[in-house]
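Engineer: mind folding the following:
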Amino acid sequence: MSSPKVLFGFHAVGVRLKTAPKSIIEIFFEPTRRDARMRLFLERANGAGVRLIEADGLRLAKLAGSHGHQGVAARVEPVAQLHSLDDLLDAITGPALLLVLDGVTDPHNLGACLRVADGAGAQAVIAPKDHAVGVNATVAKVASGAAETVPYFMVTNLARTLNELKERNIWIIGTAEDAPKTLYQVDLKGPVALVLGAEGEGMRQLTRKTCDELISIPMRGAVESLNVSVASGVCLFEALRQRS
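Structural biologist: Just a heads-up that it's a prediction; the model follows:
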């Protein structure tokens with residue numbers, strides 16, 4: 001059995017409390033915080049029958065590994081991923097919208113990417129096992145609950161997975177600064193997987209060669225590129241705009 005993990009912050013713990021309260025072993029909270037947000041949170045936790053433990057800020061920081069805990073942390077059992085990637089793809093109704101991250105190793109970036117993927121309605125985020133960060137407490141905090149709602153698949157061979165998506169008629173669109181077309185010149189209404197690389201390095205060569213098409217995000221200012229989570233949001237919400 002997998003060992004318990006820690007979630008912290010109102011959003012991350014609150015979403016787990018809403019979606020899978022029985023997986024929560026215990027919630028630690030700072031009793032000196034008595035504002036309305038904390039009172040409402042504790043009412044929900046009590047209503048779900050979750051064990052509550054008072055803890056000072058130092059203990060919470062040690063538990064969370066961060067001072068950004070907002071006075072709340074929880075020890076939780078991992079929630080089993082309900083689907084393999086194939087099962088998830090089989091269950092999609094309508095055109096697929098997937099986000100693929102190649103080489104994103106910063107937990108803050110991954111958390112933000114999961115958050116924008118949730119907001120845009122992407123069905124999954126995919127990353128390679130050997131060039132990516134897994135979902136940890138920092139990712140869950142930054143994702144503001146999206147780490148609990150957006151399936152995140154870490155695959156052994158990203159190029160092979162992209163070719164398998166092609167076999168399902170999913171168009172693979174990669175982002176690159178030197179691409180001949182911009183984001184606003186491609187049709188994103190059909191089933192697509194948007195591929196973004198790490199900031200600075202971009203996609204690996206094999207990933208780039210596997211893409212069906214390359215696009216760029218037009219830049220009008222002095223900076224040459226966007227943070228990967230911002231770029232993910234721009235691309236995903238352009239797809240959402242076209243589909244609307």
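Engineer: which other residues reach stretch 178-195?
Structural biologist: Outside stretch 178-195, the residues that touch it by Cβ atoms under 8 Å, 6 or more residues apart in numbering are 95-102, 126, 162, 165, 168-175, 203, 207, 211, 213-218, 232, 234-236, 238-239, 242-243. (Glycine included, C-beta is placed from N, CA and C.)
Engineer: of these, buried ones?
Structural biologist: Those of the contacts of stretch 178-195 that meet the buried threshold are 95-102, 126, 162, 165, 170-175, 203, 207, 211, 214-217, 232, 235-236, 238-239, by 16 or more other Cβ atoms under 10 Å.
Engineer: what's near enough to touch the residue of the chain positioned farthest from its centre?
Structural biologist: Of all residues in the chain, residue 32 has its C-alpha farthest from the mean position, at 31.9 Å, by Cα atoms, centre = their mean. Counting by Cβ under 8 Å, 6+ apart, residue 32 touches residue 56.
Engineer: check the secondary structure at it for me.
Structural biologist: At residue 32, secondary structure determined by DSSP: H, G, I helix; E, B strand; the rest coil is coil.
Engineer: inside strands: which ones of the buried ones among the contacts of stretch 178-195?
Structural biologist: Among these, the ones falling in strands (DSSP state E) are 97-102, 126, 171-175, 214-216.
Engineer: ok, which pair from those is furthest apart?
Structural biologist: Taking Cβ to Cβ as the measure, these span a maximum distance of 21.4 Å, between 126 and 216.
Engineer: what comes up buried for stretch 19-27?
Structural biologist: Across stretch 19-27, burial judged by 16+ other Cβ under 10 Å covers 23, 24, 27.
Engineer: could you tell me whether residue 17 really is in a helix?
Structural biologist: Yes - applying three-state DSSP, one finds residue 17 inside a helix.
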